[in-house]
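>>> Sequence plus predicted model, see below.
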Amino acid sequence: TGDNGVALYSTNGGVTWTASNSQALRGLALVSVSCPASSGCVALGPGTSLNSTNGGVTWTASNSLTPGEVELASTSCTSTGNCVAVGADGATGDNGVALYSTNGGVTWTASNSQALRGLAPVSVSCTSLGQCEFVGDSRYRSEILGTTPVSVTSIAPWEGSPSGGTRVIITGSGFSSATAVDFGSTPAVSFTVISDSEIQALTPGSTNMSGGLSNVTVITPEGSSVTSPENSFIYLSAHTRTHPSYLICVSQIDVLCVSS
């Protein structure tokens, strides 16, 4: 008939296929699908989004989109359930539209990025960190849509007592959804997300009372920050603080040369 959507699923790598009999497909013309996890899928139709939690066997329509409001053309999801869908404004058709979802397409939020104005995106692809690239109108754009990759750029102060209790300010990006802050393998005593770019944390005690370097990691549902010596915290014992090399290290701002 041409007026109903069709979804097929395979459990053997495409050797055989089974048609989904989900009623959510009726009256739709699906244009894109993304299945980042073994059982989670998101499918798009004009102004419609469907999600499946069982590998496409059954589908549920998202109730956060209004038919005709947007003309969606492509979607891409990461393994953490973050999805981006792109298309055109259903009313004017002359502006690009990008929606992002953090729950596998159940609900969607519109991006207000000015980079989309005058564009008609036709395809999108997202990495695990949320970096999305889309093409359309023979023009190319790349930017962060939806969630921002978590990254730590500085820690102040960068040193403290091995007994813990130092209050530090962590700066970077992508902190809004932070679920944990680790110093090495030990969680912070407490932390507070001040903004998407700042976290205040209370350091835990070190397992090595002689001091040492401890990587600081901010953990979010989208991923964890990459550790590096420059973004680490140093536990300094009383012996280290009075050691002659300590003053040399501080003057050179070289966190790697501090040792007991």
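Received the coordinates, thanks.
>>> a helix runs through residue 88, doesn't it?
No. Residue 88 is assigned strand when assessed by DSSP: H, G, I helix; E, B strand; the rest coil, not a helix.
>>> and it, bridged to which residues?
residue 71, residue 96 (DSSP bridges).
>>> hang on, it packs against residue 73?
Yes. With contact defined as CB atoms under 8 Å, residue 88 reaches residue 73; the gap is 7.3 Å. No exception for glycine: its C-beta is placed from N, CA and C like everyone else's.
>>> Overlap of the contact sets of these two?
Common neighbours of residue 88 and residue 73, using CB atoms under 8 Å, 6 or more residues apart in numbering, are residue 121.
>>> remind me which residues of the stretch 1-150 of the chain are low pLDDT?
Within the stretch 1-150 of the chain, the set of residues satisfying pLDDT under 70 comprises 1-4, 37-38, 46-47, 63-69, 79-81, 90-95, 112-120, 127-131, 136-149.
>>> Check the stretch 151-260 of the chain too.
Residue ranges of the stretch 151-260 of the chain with pLDDT under 70: 209-211, 222, 237-260.
>>> Do a quick rundown of the strands in it.
Along the stretch 151-260 of the chain, counting by DSSP state E, counting those that start in this stretch, strands occupy 151-156, 159-160, 167-173, 180-183, 186-187, 190-195, 198-202, 211-220, 223-224, 232-236.
>>> Mind giving me the packing neighbours of the last one?
This points to strand 232-236. Secondary-structure packing of strand 232-236 (3 or more CB pairs under 8 Å, 6 or more residues apart in numbering; DSSP states H and E): strand 159-160, strand 211-220.
>>> Kindly format the C-alpha coordinates of the longest one as PDB.
Spelled out, it's strand 211-220. Provided in PDB are the C-alpha atoms of strand 211-220 (Å, rounded to 0.1, in the frame of the first residue of the first chain):
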ATOM      1  CA  GLY A 211      52.200  10.900  49.000                       C
ATOM      2  CA  GLY A 212      52.100  10.600  45.200                       C
ATOM      3  CA  LEU A 213      50.300  11.400  42.000                       C
ATOM      4  CA  SER A 214      46.600  10.700  41.700                       C
ATOM      5  CA  ASN A 215      44.600  11.000  38.400                       C
ATOM      6  CA  VAL A 216      41.400  13.000  38.700                       C
ATOM      7  CA  THR A 217      38.500  11.600  36.700                       C
ATOM      8  CA  VAL A 218      35.000  13.100  36.200                       C
ATOM      9  CA  ILE A 219      32.400  10.400  35.300                       C
ATOM     10  CA  THR A 220      29.200  11.000  33.500                       C
END
